[in-house]
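> give me coordinates for this.
(one chain, ligands or ions: 2)
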Amino acid sequence: MTERFDVIIIGSGAGGGTMAHALSATSARILILERGDVVPQEAENWSPVAVWKHRRYQTRERWLDGRGREFSPYTHYCVGGNSKFWGSVLFRLRREDFQATEHMDGLSPAWPIDYDTLAPFYDTAERLYHVHGETGSDPTEAPRGPYPYAPIPHSIEMAAIVGQLRQQGLHPSPLPLGLVRPGEPGGCVLCDTCNSFPCQIHAKGDAEVCCVRTAIERPNVTMWTKARALRLRTDPSGRKVESVDVEHEGRTRRVDASLIVVSCGAINSAALLLGSASAIHPQGLANSSGLVGRRYMAHQATMMEGFHPFRKNHTVFQKTVAINDFYFRGPDTPYPLGQIQSQGRTHGVMAQTAYPFIPLWAYEAWVSRGVDWLAMSEDLPDEDNRVSVEADGRIRLAYQPNNTRAHAMLVREAKRMLYRLGFWSVVKHSHGSQNTTHQCGTLVFGTDARTSVLDTFCRAHDVENLFVVDASFFPSSAAVNPALTIAAQALRVAEHIRETELT
Ligand SMILES: Cc1cc2nc3c(=O)[nH]c(=O)nc-3n(C[C@H](O)[C@H](O)[C@H](O)COP(=O)(O)OP(=O)(O)OC[C@H]3O[C@@H](n4cnc5c(N)ncnc54)[C@H](O)[C@@H]3O)c2cc1C
Ligand code: SF4
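Ligands and ions are numbered 1, 2, ... in the order given. Here you go, the predicted model:
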């Protein structure tokens with residue numbers, strides 16, 4: 001027998017989890033389909049060996065790159081999605097990120113909505129995800145009210161570094177971080193296994209903790225885990241999705257709903273729509289523009305570690321500093337370069353994944369004397385950077401990073417900054433063309449159905465009961481971490497759905 005719901009939400013990460021939370025208080029019968037399982041609370045959550053060497057929580061899927069070579073995507077299928085593993089840096093986009101901006105290698109296009117449209121939803125998302133920050137200290141931030149929670153204090157060593165950065169003429173500010181009750185009984189203990197690890201004590205502001213757990217307590221919300229959506233089927237007109245084929249409990253089931261919200265992550269959502277091609281949608285569902293899967297972006301991101309042989313780093317929680325001085329322009333160029341932020345501590349095992357032939361003790365000695373940073377630049381939408389699906393259903397990600405000259409300049413500035421801080425050397429590492437961490441852009445939103453897949457409320461132009469609320473809708477990637485914007489837009493779309501579809 002086919003089961004029927006009012007709303008099916010596919011994926012329970014930053015977008016889908018937030019949507020489930022926002023719709024759970026309605027009377028709609030909601031089904032969350034999540035292809036992964038709940039991440040168990042276990043000792044391995046905080047084990048660098050389990051997480052980095054054995055890749056315990058990462059998908060075992062193999063994808064193909066643009067040249068057809070296999071690789072292991074750094075992504076996680078579980079309740080809460082990649083939010084379970086995020087570093088909890090929850091930035092708003094800058095006001096200027098919503099406007100068209102000329103970059104060194106091309107144009108970052110305008111969004112069809114402006115900062116003020118999203119601002120009230122950013123406020124709600126920050127409360128929902130327990131964001132700690134400080135208003136007024138980041139020169140690139142739009143005028144705003146206070147953060148819901150005070151900033152996380154810097155460690156003694158990071159506070160000293162912040163003082164030195166100010167002497168260099170920079171304007172470091174506290175990173176906005178989503179952490180649940182830091183320092184309080186039962187709350188976040190500010191450990192050194194946060195970014196890329198699930199939180200063993202559920203104190204990370206992630207989509208499972210902040211959204212899904214409470215949503216599924218409601219009688220109208222059901223969640224199926226290990227339930228993978230295979231295909232969306234439309235009615236004969238092609239204008240409405242009628243049902244979802246789901247692989248669940250060893251069989252393929254069909255579930256019907258009045259409204260479908262896809263939120264599988266930018267790559268998997270594009271793959272799902274492409275894989276839902278039919279006689280009436282031969283190029284893939286909602287793909288009359290031909291843009292489904294195209295314009296993939298993921299940020300130019302370089303991890304950097306400043307090393308000093310005689311200076312041990314005693315900081316435990318290191319991810320507290322943002323430097324946005326080069327966000328809008330570089331010292332030697334009028335073009336934007338991006339953002340620098342301090343990173344969580346690197347563990348020896350983690351470093352060893354880059355060059356396994358170097359012994360672990362050498363890495364441990366190295367990282368105990370290192371301070372970690374991330375330099376991140378905007379990459380630009382390019383229709384040839386794209387997700388496609390092979391005949392056997394496998395995902396192919398053809399991605400050639402761009403805006404690389406601006407990123408090289410940012411890395412140069414970060415290096416200069418680290419040498420001025422007295423570090424003897426700087427090592428760096430990047431995922432390059434296999435970068436999927438900040439994936440976005442594959443189902444762009446806009447006002448024109450010929451040049452976008454979704455409308456400004458993330459409804460498919462071609463299919464009236466289909467919404468997509470993961471990072472797919474981004475017209476540009478900006479150069480701050482994407483998740484708060486995903487959550488804020490999901491809240492905005494949820495409000496629209498409540499007002500127009502569930503009344
Ligand atoms: C290690 C790491 C650190 C990060 N740190 C930060 C950070 O500090 N700040 C920040 O802003 N961003 C960070 N990110 C990025 C952030 O996690 C993502 O931008 C965000 O989670 C994307 O949300 P989403 O809803 O688009 O997708 P996801 O959160 O990935 O959720 C997609 C969900 O869909 C499910 N799914 C996929 N396909 C199907 C299917 N066919 N059927 C059913 N379910 C399906 C997946 O299992 C998953 O649960 C980080 C990412 C990683 C990996
Ligand atoms: S305790 Fe705090 S710092 Fe440690 S993993 Fe949990 S949320 Fe992150």
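> shouldn't Trp52 be in contact with Met350?
Yes - shown here, Trp52 and Met350 form a contact pair, counting by Cβ atoms under 8 Å, at 4.5 Å. In short, each C-beta sits where N, CA and C put it, glycine included.
> quick one: common contacting residues for those two?
Contact criterion Cβ atoms under 8 Å, 6 or more residues apart in numbering; residues shared by Trp52 and Met350: Ser196.
> near ligand 2, which residues of the chain are found?
Contacts of the chain with ligand 2, taken as Cβ under 6 Å from any ligand atom, map to 179, 188-191, 193-194, 197, 199, 201, 203-204, 317.
> for whichever residue of the stretch 201-350 of the chain sits closest to ligand 2, which non-adjacent residue is spatially closest?
When scored by Cβ to the nearest ligand atom, the stretch 201-350 of the chain has Lys204 as its residue closest to ligand 2, at 3.7 Å. With sequence-adjacent residues excluded and distances taken as Cβ to Cβ, 6 or more residues apart in numbering, Lys204 is closest to Ser88, at 5.7 Å.
> about what we covered before: which residues touch the residue of the stretch 201-350 of the chain closest to ligand 2?
Here Lys204 is in contact with Lys84, Trp86, Ser88, Gly178, Leu179, Val180, Cys188, Cys194, Pro198 (Cβ under 8 Å, 6+ apart).
> closest to Leu443 among those residues?
Closest approach to Leu443 among the contacts of Lys204 (Cβ to Cβ): Trp86, at 21.2 Å.
> ok, the nearest residue to that closest one once chain neighbours are set aside to ligand 2 distance?
Closest residue to Trp86 apart from its sequence neighbours, by Cβ to Cβ, 6+ apart: Ala483 at 6.2 Å. Ala483 is 14 Å from ligand 2, where distance means Cβ to the nearest ligand atom, to the nearest Å.
> same thing with Leu502?
Between Leu502 and ligand 2 the distance is 34 Å, computed by Cβ to the nearest ligand atom.
> and for Phe98, the neighbour number?
21 (other Cβ atoms under 10 Å).
> what residues does this protein have near ligand 1?
So the chain meets ligand 1 at 10-16, 33-36, 77-78, 81-83, 85-90, 195-196, 228-229, 263-266, 268, 272, 437-438, 470-471, 481-483, 486 (Cβ under 6 Å from any ligand atom).
> how about the helices in the stretch 1-150 of the chain?
For the stretch 1-150 of the chain, the helices identified by DSSP state H, counting those that start in this stretch occupy 14-24, 48, 115-128, in order along the chain.
> so how far is the first one off the chain centroid?
Helix 14-24 sits 15 Å away from the centroid of its parent chain (Cα atoms, centre = their mean, to the nearest Å).
> what would it look like as PDB? C-alpha coordinates only.
Extracted as PDB, the C-alpha positions of helix 14-24 are listed here (Å, rounded to 0.1, in the frame of the first residue of the first chain):
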ATOM      1  CA  ALA A  14      21.300  22.100   7.700                       C
ATOM      2  CA  GLY A  15      18.500  22.800   5.200                       C
ATOM      3  CA  GLY A  16      16.200  19.800   5.700                       C
ATOM      4  CA  GLY A  17      16.600  19.600   9.500                       C
ATOM      5  CA  THR A  18      15.800  23.400   9.800                       C
ATOM      6  CA  MET A  19      12.800  23.000   7.600                       C
ATOM      7  CA  ALA A  20      11.600  20.000   9.600                       C
ATOM      8  CA  HIS A  21      11.900  22.100  12.800                       C
ATOM      9  CA  ALA A  22      10.100  25.100  11.200                       C
ATOM     10  CA  LEU A  23       7.200  23.000   9.900                       C
ATOM     11  CA  SER A  24       6.800  20.700  12.900                       C
END
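> avg pLDDT for it?
Averaged across helix 14-24, pLDDT comes to 98.
> and if you look at the last one?
Over the span of helix 115-128, the pLDDT mean works out to 98.
> and the angle from it to helix 14-24?
For helix 115-128 against helix 14-24, the angle by axes from the mean of the first three to the mean of the last three Cα atoms, to 10 degrees is 80 degrees.
> my reading is that Val411 lies in a helix. Confirm?
Yes - with DSSP: H, G, I helix; E, B strand; the rest coil as the criterion, Val411 is part of a helix.
> could you export the contacts of Lys204 as TSV, including distance to Tyr129?
Below are these laid out as TSV (distance: Cβ to Cβ, whole Å):
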residue	distance to Tyr129
Lys84	13
Trp86	10
Ser88	8
Gly178	4
Leu179	9
Val180	9
Cys188	13
Cys194	14
Pro198	16
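> so which of the residues you listed belong to strands?
When the contacts of Lys204 are checked against strands (DSSP state E), the matches are Gly178.
> need the contacts of Lys204 in CSV with distance to Asp256, neighbour count and pLDDT, can you?
Output for the contacts of Lys204, formatted as CSV (distance: Cβ to Cβ, whole Å; neighbours: other Cβ atoms under 10 Å; pLDDT from 0 to 100):
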residue, distance to Asp256, neighbour count, pLDDT
Lys84, 30, 24, 98
Trp86, 33, 26, 97
Ser88, 37, 28, 97
Gly178, 35, 28, 98
Leu179, 40, 24, 98
Val180, 37, 21, 98
Cys188, 41, 25, 98
Cys194, 40, 25, 96
Pro198, 34, 27, 98
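> so which of the contacts of Lys204 is the closest to Asn287?
Trp86 (29.7 Å).
> any idea how far Asp37 is from the closest one?
Using Cβ to Cβ, to the nearest Å, Trp86 is found at 18 Å from Asp37.
> roughly how far out does stretch 140-155 sit from the chain middle?
20 Å.
> ok, and what's touching that stretch?
Taking Cβ under 8 Å, 6+ apart as the rule, stretch 140-155 contacts 92, 94-95, 115, 119, 122-123, 126-127, 130-135, 159, 161-162, 173-177, 179, 182, 190, 314-318, 320-321, 324, 327-328.
> could you flag which of those are buried?
With burial judged by 16 or more other Cβ atoms under 10 Å, the buried subset of these is 92, 94-95, 115, 119, 122-123, 126, 130-134, 161-162, 173-177, 179, 182, 190, 315, 317-318, 320-321, 324, 327-328.
> now Val261: phi and psi?
phi -120, psi 110 (degrees, to the nearest 10).
> any idea what the residue of the stretch 201-350 of the chain closest to ligand 2 is bridged to?
Beta-bridge partners of Lys204, counted by DSSP bridges, are Leu179.
> one more: Val387?
Leu397.
> can you list the low-confidence ranges for the chain?
When residues are selected by pLDDT under 70, those of the chain lie in 1.
> contacting residues for whichever residue of it sits closest to ligand 1?
Per Cβ to the nearest ligand atom, Gly13 is where the chain lies closest to ligand 1, at 2.0 Å. Counting by Cβ under 8 Å, 6+ apart, Gly13 touches Gly80, Gly81, Asn82, Ser83, Ala207, Ser263, Gly265, Asp470.
> now it: closest residue in space that isn't a chain neighbour?
Per Cβ to Cβ, 6+ apart, closest to Gly13 is Gly81, 2.3 Å.
> what of Ala257?
Nearest non-adjacent residue to Ala257, counting by Cβ to Cβ, 6+ apart: Ile8, 4.2 Å away.
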